[in-house]
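A.B. asks: The following block contains a protein sequence and its predicted model.
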Amino acid sequence: MSIMAVDDQKISQLLKELGAWHTGHFLLASGLHSNQYLQCQRILQYPRHGMVLAEELVRRILESGLKPNVVVGPALGAVHWELLVAMALDKALQSNPVRAIFAERPDGKTDFEIRRGVVISEGEPVLVVEDVTTTGGSARKVVELVKQLGGSPIAVGAIVDRSGGTVDFGIPFLSLVKLNLETFSEPDCPWCKAGTALVKPGSSKK
């Protein structure tokens, strides 16, 4: 099934129109500071808009010759996203049912687990997704988890890559929007030096 392409400019416009793209002084989940923050749940709360993003990511995945049949995303940031991507992939492939799985951190633990009776089969091709990638920390942990469980991670997909394309997962990384936004450690942060109030909107490493 063919999917109509959506260009990066339209996606960026959608992020701004729905209030997902914020400016200010933010403590990112990576520990770095920035004057811009992306909160993609502002879009993903609307399935109609989320499906536009999911279908475009799937179009790019399939165009790259990749055919995953499992989509795994880290909770909580990718809980809606992994489901939408799996639905778009299932619709496009129209073959074996595509599964959507979220990886979670049990209380008190830093590593991800796949729980609740869900399993990944040996050699199963897996697409790992997250909403926004800064350092790639969460997605990288999920990629390693999939390997440990016997699955075969074949790509990572994100709505926004705010690393400017510098993150390397060792497998193809596809994003809808690439941003090279300035980030600073706390001692070097110009907004800290200017006394601008710091906001901490995120809760898990990306």
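C.D. replies: Looks like it arrived, so ask away. Residues are numbered from 1 along each chain as shown.
A.B. asks: from here on, contacts and neighbour counts on C-alpha atoms
C.D. replies: Will do.
A.B. asks: quick one, helices of the protein?
C.D. replies: For the chain, applying DSSP state H gives helices covering 8-17, 41-44, 47-63, 79-93, 137-148, 190-193.
A.B. asks: Go through those and pick out the most buried.
C.D. replies: Of all the helices of the chain, helix 79-93 has the most neighbours on average by mean count of other C-alpha atoms under 10 Å, namely a mean of 23.
A.B. asks: and that one, C-alpha only, in CSV?
C.D. replies: Provided in CSV are the C-alpha atoms of helix 79-93 (Å, rounded to 0.1, in the frame of the first residue of the first chain):
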residue,chain,number,x,y,z
VAL,A,79,3.8,4.5,24.6
HIS,A,80,1.3,6.1,22.1
TRP,A,81,3.9,6.4,19.4
GLU,A,82,4.9,2.7,19.2
LEU,A,83,1.2,1.8,18.8
LEU,A,84,0.5,4.3,16.1
VAL,A,85,3.6,3.3,14.2
ALA,A,86,2.6,-0.4,14.4
MET,A,87,-0.9,0.4,13.2
ALA,A,88,0.5,2.3,10.2
LEU,A,89,3.0,-0.5,9.5
ASP,A,90,0.3,-3.1,9.7
LYS,A,91,-1.9,-1.2,7.3
ALA,A,92,0.9,-0.7,4.8
LEU,A,93,2.2,-4.3,4.8
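A.B. asks: and residue 104, what is it in contact with?
C.D. replies: Residues in contact with residue 104 (C-alpha atoms under 8 Å, 6 or more residues apart in numbering) are 74, 75, 76, 112, 113, 114, 115.
A.B. asks: Before I go, just wanted to say thanks for your time.
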